[in-house]
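Asker: sequence plus the predicted model coming up.
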Amino acid sequence: MSALFYLKECSSTNDEISKFLLYGDSDFIAVHTFNQTKGRGQYGNTWSSTAEKNLAYTLAVKAENFTVSDFMFNYYTAIAIRDFLANLTDCNVKIKWPNDMILKNKKIVGILIEKKKINQNNYFLIGAGFNILQEKFEISNAGSLLTQTGRNFNLNDFTLELHDFLTEKLKNIPSEEEILKLFNTNLFRKDEISVFEIEKTRQNGIIKKADEKGELWIDLENDGLQCFYHKEVKLLY
């Protein structure tokens, strides 16, 4: 059973989705709004959004239907959203580890995946904020589909296409080996010299790979090859 619900306004689609998971067979249920007032990002970050310019979307899928690890599920979700945006824009969209979307060096999507038990079922809640029509941002490395492509997208059409695309992609998940390969193929700034901030100190390094444990491997100028979990290192771009 797949369904897509609309809310004129809400605090967070990840918080609201549980109200729509009413039946035991509830699966591939999504809720969206164009006016999210208290969006959440990874690890307690906030995701601010201008009303009627952007999309907040959460898709709930039953965890029991997936045999891959939680890390691989997160990676594959990022791959699916990347593929959708790349197909839509005909641009080279990249994944900034662990799962932000980068288009022409600007972040246009933030993703928050939570695993929760709701009505006796374990769900993956795939929350994503898409910057679509917003033109001005408080942070310099943020952008939107409009600023990065010059194209105006219809918010309703975008949401319907996204929902259909994601639903199909998640019904046919490849092997973990294939997921890891695809993720690394599309990894932002992989094999390029970049600047990182580690414990408030900046250092040059080169991203080598993301691994099956959710870690990022970086060959640092001073410290050599090191692995990091999210929030242990910050990529400056």
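Answerer: Ah, there it is.

Asker: okay, now E135: neighbour count?
Answerer: For E135, the count of nearby residues is 11 (other Cβ atoms under 10 Å). Heads up, the C-betas are built off the backbone N, CA and C, glycines and all.

Asker: isn't it right up against G143?
Answerer: No. With contact defined as Cβ atoms under 8 Å, E135 does not reach G143; the gap is 9.4 Å.

Asker: what are the boundaries of the strands in the protein?
Answerer: Ranges of strands in the chain, per DSSP state E, are 3-7, 29-33, 39-40, 46-47, 54-62, 94-96, 100-103, 106-118, 121-131, 193-198, 201-210, 216-220, 224-228, 234-236.

Asker: among these, which is nearest L160?
Answerer: L160 sits nearest to strand 3-7 of all these, at 7.2 Å, using Cβ to Cβ.

Asker: counting by contacts, list what that closest one packs against.
Answerer: strand 29-33, helix 155-170 (3 or more Cβ pairs under 8 Å, 6 or more residues apart in numbering; DSSP states H and E).

Asker: between the ones you listed, which one is nearest to S2?
Answerer: Distance to S2, taken as Cβ to Cβ, is lowest for helix 155-170 among the helices and strands packed on strand 3-7, at 5.5 Å.

Asker: show me what the closest one is in contact with.
Answerer: Outside helix 155-170, the residues within contact range by Cβ atoms under 8 Å, 6 or more residues apart in numbering are 2, 4, 28, 30, 32, 34, 52, 55, 57, 59, 61, 76-77, 80-81, 83-84, 87-88, 126, 130, 132-133.

Asker: list buried residues within those residues.
Answerer: With neighbours counted by 16 or more other Cβ atoms under 10 Å, the contacts of helix 155-170 contain buried members at 4, 28, 30, 32, 34, 55, 57, 59, 61, 76-77, 80-81, 83-84, 88, 126, 130, 132-133.

Asker: count the neighbours of the spatially closest residue to F84 that is not a sequence neighbour for me.
Answerer: Once flanking residues are discounted, F84 sits nearest to F165: 4.7 Å by Cβ to Cβ, 6 or more residues apart in numbering. Applying other Cβ under 10 Å, we find 17 other residues in the vicinity of F165.

Asker: I figured F130 hits T58, correct?
Answerer: No. Look at F130 against T58 with Cβ under 8 Å: they stay out of range, at 11.9 Å.

Asker: how about low-confidence regions in this structure?
Answerer: Applying pLDDT under 70 to the chain flags the ranges 1, 39-49.

Asker: 80 instead?
Answerer: Low-confidence segments of the chain, defined by pLDDT under 80, are located at 1, 38-51.

Asker: can you list the buried residues in stretch 104-116?
Answerer: 106-113.

Asker: about what we covered before: closest one to E178 among the strands of the chain?
Answerer: By Cβ to Cβ (comparing all of those), the closest turns out to be strand 201-210, at 14.1 Å.

Asker: can you spell out which helices and strands pack onto that closest one?
Answerer: Packing partners of strand 201-210 (3+ Cβ pairs under 8 Å, 6+ apart): helix 176-185, strand 193-198, strand 216-220.

Asker: how close does the residue lying closest to W217 once chain neighbours are set aside get to N74?
Answerer: Nearest residue to W217, sequence neighbours excluded (Cβ to Cβ, 6+ apart): K208, at 4.5 Å. Using Cβ to Cβ, to the nearest Å, we find K208 at a distance of 19 Å from N74.
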